[in-house]
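Asks: A predicted structure for the sequence below; I have some questions about it.
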Amino acid sequence: MKISCKNNSPQAKLALKSAIRTWIKLEMKKWYKIRDNNKLHLKVIHSELTYRISPAEFDHLDFTIREEVRILGHKQYENQLKKLEALVNNVDKFEPNSLNYVSETNKIFYEKVINFTDVHFEEAEIKLLEKGLKHCPNVFSKNDLKQFAVNVELALNKIEPPENRDLEKSLCARIISKATVEDNKNESLVLKQIKKKASENDLIITKADKGNTVTFLNRNDYLIKTESLLNSNNFLELKFDPTSKFQTAVKKTIKSCPNLLSQVSFPLTIMNPRIPLLYALPKIHKENCPMRPIVSYTHAPSLKLCKFLNSMLPEGSLATVLEHFNSYNTHLQFTAEEEVDNSIPFLDIRVIRMGEVLRTDWYNKPSSSGRYLHYRSCHPQNMKLNLVTQMKTRVLRLTHPTFHSQCIVKLKKLFVMNGYPIKLLNKLLCNTSSSPPVEVTMSLNTDAMIDRADIVYATIPYIPG
């Protein structure tokens, strides 16, 4: 439908805009009504299905329907996205480079592994560590898959009545037969070699201060740098643990402020507090690789009280707040970052000032290693697929449409670095993942489920494939 007006007077243009807005609102109202009716029908259908068929049959049917809905929704989404891009291009002919802004599409990521020791590590060991400290080696074999099938068989034998077991077993057998488990324990052997070298040479393997880079440090160098950091800032060693004394002081302070803390509905003290722990992370992006002290206050006596008081801090000018914070301790100084070349980074976005308009682009710190969950890690496949799709959804929502194509190229490079197949990335990034996840909200008919006596719960181990 197209609304037009032959009269070009200002009043006619305003009337035309008002008519377009009214038409859009009516269209949205119509589609919202259709959506609500569909949800109601889905709820009724869901309740009937959960009562009439077994859980295994319902799961198979649910998966098939959701897949069809996802494909149909994606086609609709692509059509609407093309229309939206056309509207954006017609309304705003903005060029990103017109104000000397350079996107970070071709950014080179920081090294994933840095060795500050003289100990030699083989190429296979470095490649394994490049997958990150959270990488889980695949230690499952074909024998494990057979054992998994046995566990499933035992679980299905609990189903009542017995005549329903054959259907569930056939469905599970079909799924297990499609599983592909590599009988490969090389990564486990390599991991043992790394641990052995670290133990024999007294090494510390830790992540860097920024960027998630894996670093090798001599334990002696780590301790010397950390102790030097403490000595240079005039820290003193206490002869006793002051935790209990500090806990008493916190309780006393809370009791002395009834007016300020009277509205708090949760306890401000920690049960069984412990002394905060200090550790250090190497600053690989700075000269001579200094250490950054990290104090873990997770179980400190004043943790909850500090969080509450922090939420009550008044807002003020940047200079005033900085001066106030930095006046407490000369060794504890805060800094503030201001925009450079009409842009400033904040978390994982860069805010760009372009005339009177603010636009956002995806941002990575210079120390970022670009590491995410490796594709070969022993994690469920849906975690890896969701990582790609959700990363794309997040990036596209955070960035202006003029940067979307560059961000997709950058995402593809990043996940290729993490071992993801290019064919899979083309499917997720260039096709299906461009649409937001399609969710069908259905409420369980709990009364019908409770009355069913054939619902049996069983626990089986996770196995990839």
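Replies: Arrived safely, thanks for sending.

Asks: so Thr206 sits in a strand?
Replies: Yes. According to DSSP: H, G, I helix; E, B strand; the rest coil, Thr206 belongs to a strand.

Asks: quick one, longest helix in the protein?
Replies: helix 10-52 (DSSP state H).

Asks: show me what that one packs onto, helices and strands only.
Replies: Helix 10-52 is packed against helix 55-91, helix 446-451, with contacts defined by 3 or more CB pairs under 8 Å, 6 or more residues apart in numbering; DSSP states H and E. All C-beta spots, glycine's among them, are computed from the backbone N, C-alpha and C.

Asks: now, of those, which is deepest in the fold?
Replies: Compared across the helices and strands packed on helix 10-52, helix 55-91 shows the largest average neighbour count, a mean of 12 (mean count of other CB atoms under 10 Å).

Asks: elements contacting it?
Replies: Using 3+ CB pairs under 8 Å, 6+ apart as the contact criterion, the elements in contact with helix 55-91 are helix 10-52, helix 165-177.

Asks: which SSE is immediately downstream of the last one?
Replies: Towards the C-terminus, the helix or strand next in line after helix 165-177, according to DSSP states H and E, is helix 186-200.

Asks: and Cys270, helix, strand or coil?
Replies: Slight slip there: residue 270 is Ile, not Cys. Three-state assignment for Ile270 (three-state DSSP): coil.

Asks: how much space between it and Ser296?
Replies: Per CB to CB, to the nearest Å, Ile270 is found 13 Å from Ser296.

Asks: the more surrounded of the two?
Replies: Per other CB atoms under 10 Å, whichever of Ile270 and Ser296 has more neighbours is Ile270, with 19 against 11.

Asks: now the angle from the longest helix of the chain to helix 55-91?
Replies: Angle, helix 10-52 to helix 55-91, by axes from the mean of the first three to the mean of the last three CA atoms, to 10 degrees: 170 degrees.

Asks: how far does helix 10-52 sit from the chain's center?
Replies: Distance of helix 10-52 from the chain centroid (CA atoms, centre = their mean, to the nearest Å) equals 32 Å.

Asks: ok so, going back, for the helices and strands packed on helix 55-91, which one ends up most surrounded?
Replies: helix 165-177 (a mean of 14).

Asks: what helices and strands are in contact with that one?
Replies: Helix 165-177 sits against helix 55-91, helix 142-156, with contacts defined as 3+ CB pairs under 8 Å, 6+ apart.

Asks: OK, contacts around Cys194?
Replies: Wrong residue type there; residue 194 is Ile, not Cys. Contact analysis of Ile194 by CB atoms under 8 Å, 6 or more residues apart in numbering lists Phe121, Glu125, Leu128, Leu129, Ile205.

Asks: again, but for Lys146
Replies: Contacts of Lys146 (CB under 8 Å, 6+ apart): none.

Asks: quick check: pLDDT value at it.
Replies: Looking at Lys146, its pLDDT is 75.

Asks: that one and Glu153, how far apart?
Replies: For Lys146, the distance to Glu153 equals 11 Å [CB to CB].

Asks: same deal with Lys17?
Replies: Look at Lys17 and Glu153: by CB to CB, they are 67 Å apart.

Asks: please apply the same query to Ser368.
Replies: Here the criterion is CB to CB. By it, Ser368 lies 47 Å from Glu153.

Asks: what about those two, which has more around it?
Replies: Shown here are Ser368 and Glu153; by other CB under 10 Å, Ser368 has more neighbours (17 against 13).

Asks: doesn't the more buried one belong to a helix?
Replies: No. Using three-state DSSP, the assignment for Ser368 is coil, not a helix.

Asks: isn't it up against Glu111?
Replies: No. With contact defined as CB atoms under 8 Å, Ser368 and Glu111 do not form a contacting pair (10.9 Å).

Asks: turn the helices and strands packed on helix 165-177 into CSV, including distance to Asn329.
Replies: Shown next, in CSV, are the helices and strands packed on helix 165-177 (distance: least, CB to CB, whole Å):
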stretch, distance to Asn329
helix 55-91, 50
helix 142-156, 56
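
Asks: closest one to Pro301 among those?
Replies: helix 142-156 (46.2 Å; CB to CB).

Asks: centre of the chain versus that closest one, how much separation?
Replies: Its chain's C-alpha centre and that of helix 142-156 lie 32 Å apart, by CA atoms, centre = their mean.

Asks: ditto for stretch 153-162
Replies: On CA atoms, centre = their mean, the centre of stretch 153-162 falls 38 Å from that of its chain.

Asks: thinking again about what came up before, out of the helices and strands packed on helix 10-52, the one nearest Cys378 is which?
Replies: With CB to CB as the measure, helix 55-91 is the member of the helices and strands packed on helix 10-52 nearest Cys378 (23.6 Å).
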